[in-house]
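**Q** Here is my input; please provide its structure:
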Amino acid sequence: MGLVVSGEKVMGEKPVIFYSSSLRLAGVLRYPVGIKDPLPAVLLIHGSLEQDRDGNLLNRPAGRPPPKKNFFLEISKRLASEGFATFSWDRRGIGESEAPLYEGGYLQDAEDAIAAYRALSSLDLIDPERIAVLGQSAGVYTACLLAKKERSARAYILQGGLYRDYAEMMIFNYRRVAEYAAQSPENLQWVEENDPVGLVIGLNLQMLIERAMMGEAEHCFSYKGKTWRIRHDPICYLPEHSPKNQFKYIQKPVLVIHGACDLNVPVEDAFMIERDLKEHGNDNVELIIIPDADHSFQQIAESYDQRLRERMSLESFRRPYREEYFMAVTSFLKRRL
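**A** Down below sits the predicted model:
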């Protein structure tokens, strides 16, 4: 297994089993071949749109199955060609990883990330003193919680991260779905076919937020005779667990990177994160905004209407990645690891 270019293998893969809260989790170490010295490595932490080790969303509650974007696999290929290893894993209940008895949330994600970091640090191929942590989207929150418990990471890459209150992010993402559907019968039919869960959340947004603020995680809403069960982790609504209160734990060199046209997390949050890190004494902060890039640093459609539809249907996953993104990440790692 691995990546072969012009008949020559350039990236190897090694399956790795590790445990978190007694659960058996399955990961993969991807590494450049032909290098004997212990390797610098990057831990890749999922966001909500990445579930497996390759960085794909596999389980979508409703709507059409999303295309594979292989985000982590693409990152690993680029970094292997530059001499870096990567480590990623299947989330609980995904791929080869064991499913828990009860659904977890962000705190359990942090437990798994810490276990993954320690598993990576113990591998013979890896230099444990040259490990960076990359968090994508919600993985930025997880990376901050990891930094609170695990101080040995050499650097952090925080991409597409949320800073503002969680309720504001929910409004940013789901109010527009309901508004778009209300514009015409044709729009409504399209949204019902392509993003029914987003529509149900958008129509019941205020109620969901209010219930989450009271600590409720399970929500049931009815729409056109069908009942939708939606699980929404309320932990981030608590002040002590809000995203903006977690960045203080990162006191290592940081790259804050964001797509200029992100429709999941406003690009302004990147500037808020940069400011917060510096206010808490971290002077080694770099900020890069990738032009014409979405939340996953993929090329955006030309029209806003098409961008919006691709965001709801996840057809944006078919688009190519922006080369500027890979160049920025590689440059940072070369200087910091």
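
**Q** Please count neighbours and contacts with C-alpha atoms only from this point.
**A** OK.

**Q** ranges for the strands of the stretch 1-150 of the chain?
**A** Secondary structure of the stretch 1-150 of the chain, counting by DSSP state E, counting those that start in this stretch: strands at 2-5, 8-20, 23-32, 39-45, 85-89, 126-136.

**Q** Now do the second one: which elements does it pack against?
**A** If I follow you right, that is strand 8-20. strand 2-5, strand 23-32, helix 71-80, helix 106-121 (3 or more C-alpha pairs under 8 Å, 6 or more residues apart in numbering; DSSP states H and E).

**Q** let's see 10 Å
**A** strand 2-5, strand 23-32, helix 71-80, strand 85-89, helix 106-121 (3 or more C-alpha pairs under 10 Å, 6 or more residues apart in numbering; DSSP states H and E).

**Q** cool, the fourth one as well?
**A** Here strand 39-45 touches strand 23-32, helix 71-80, strand 85-89, helix 106-121, strand 126-136, helix 138-149, strand 155-159, helix 323-336, going by 3+ C-alpha pairs under 10 Å, 6+ apart.

**Q** Could you check how far the fourth one is from the centre of its chain?
**A** Taking C-alpha atoms, centre = their mean, to the nearest Å, one finds the center of helix 106-121 at 14 Å from the center of the full chain.

**Q** and residue 268, how many neighbours?
**A** Neighbour count for residue 268, taken as other C-alpha atoms under 10 Å: 14.

**Q** residues in contact with it?
**A** Taking C-alpha atoms under 10 Å, 6 or more residues apart in numbering, we find residue 268 in contact with 162-164, 258, 260, 262.

**Q** Please list only the buried members of those residues.
**A** Buried members of the contacts of residue 268, scored by 16 or more other C-alpha atoms under 10 Å, are 162-164, 258, 260, 262.

**Q** Any idea which of the residues you listed the model trusts least?
**A** Here the lowest pLDDT out of these sits on residue 164, with 95.

**Q** what bits of the chain have low per-residue confidence?
**A** 1-9, 63 (pLDDT under 70).

**Q** now for the helices and strands packed on strand 39-45, which one comes closest to residue 226?
**A** helix 106-121 (28.5 Å; C-alpha to C-alpha).

**Q** before we move on, the earlier item: can you say which of the strands of the stretch 1-150 of the chain is packed in most?
**A** Neighbour counts (mean count of other C-alpha atoms under 10 Å) averaged over each of the strands of the stretch 1-150 of the chain peak at strand 85-89, with a mean of 28.

**Q** Quick one: work out the angle between that strand and strand 39-45.
**A** 30 degrees (axes from the mean of the first three to the mean of the last three C-alpha atoms, to 10 degrees).

**Q** What pairs with strand 85-89, parallel or antiparallel?
**A** Neighbouring strands of strand 85-89 in its sheet, by DSSP bridges, are strand 23-32 (antiparallel), strand 39-45 (parallel).

**Q** Quick check: strands, which of the contacts of residue 268 are part of them?
**A** residue 258 (DSSP state E).

**Q** what sits against the residue most central in space within the chain?
**A** The centroid of the chain falls nearest to residue 47 when counting by C-alpha atoms, centre = their mean (2.1 Å). By C-alpha under 10 Å, 6+ apart, the contact list for residue 47 reads 55, 57, 109, 135-142, 159-161, 296.

**Q** Just flag the most distant two among those.
**A** 109 and 296 (19.7 Å).

**Q** now the strands for the stretch 151-300 of the chain?
**A** Using DSSP E, counting those that start in this stretch, strands in the stretch 151-300 of the chain cover 155-159, 218-223, 226-231, 254-259, 285-290.

**Q** Same list (those) but as JSON lines, adding distance to residue 51.
**A** As requested, the strands of the stretch 151-300 of the chain are exported to JSON lines (distance: least, C-alpha to C-alpha, whole Å):
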{"stretch": "strand 155-159", "distance to residue 51": "17"}
{"stretch": "strand 218-223", "distance to residue 51": "21"}
{"stretch": "strand 226-231", "distance to residue 51": "16"}
{"stretch": "strand 254-259", "distance to residue 51": "20"}
{"stretch": "strand 285-290", "distance to residue 51": "24"}
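
**Q** looking at the ones you listed, which is closest to residue 21?
**A** strand 226-231 (21.4 Å).

**Q** and the closest one, what does it pack onto?
**A** Of the remaining helices and strands, those touching strand 226-231 by 3+ C-alpha pairs under 10 Å, 6+ apart are helix 196-203, strand 218-223.

**Q** Quickly note the distance from residue 160 to residue 296.
**A** 8 Å (C-alpha to C-alpha, to the nearest Å).

**Q** Quick check: neighbours shared by those two?
**A** In contact with both residue 160 and residue 296: 47, 136-137, 258-259, 262, 264, using C-alpha under 10 Å, 6+ apart.

**Q** between the residues you listed, which is closest to residue 178?
**A** Closest to residue 178, out of all of those and judged by C-alpha to C-alpha, is residue 264, at 15.5 Å.

**Q** For the closest one, give me its contacts.
**A** Neighbours of residue 264 in contact, by C-alpha under 10 Å, 6+ apart: 137, 160-162, 169-170, 172-174, 294-296, 311.
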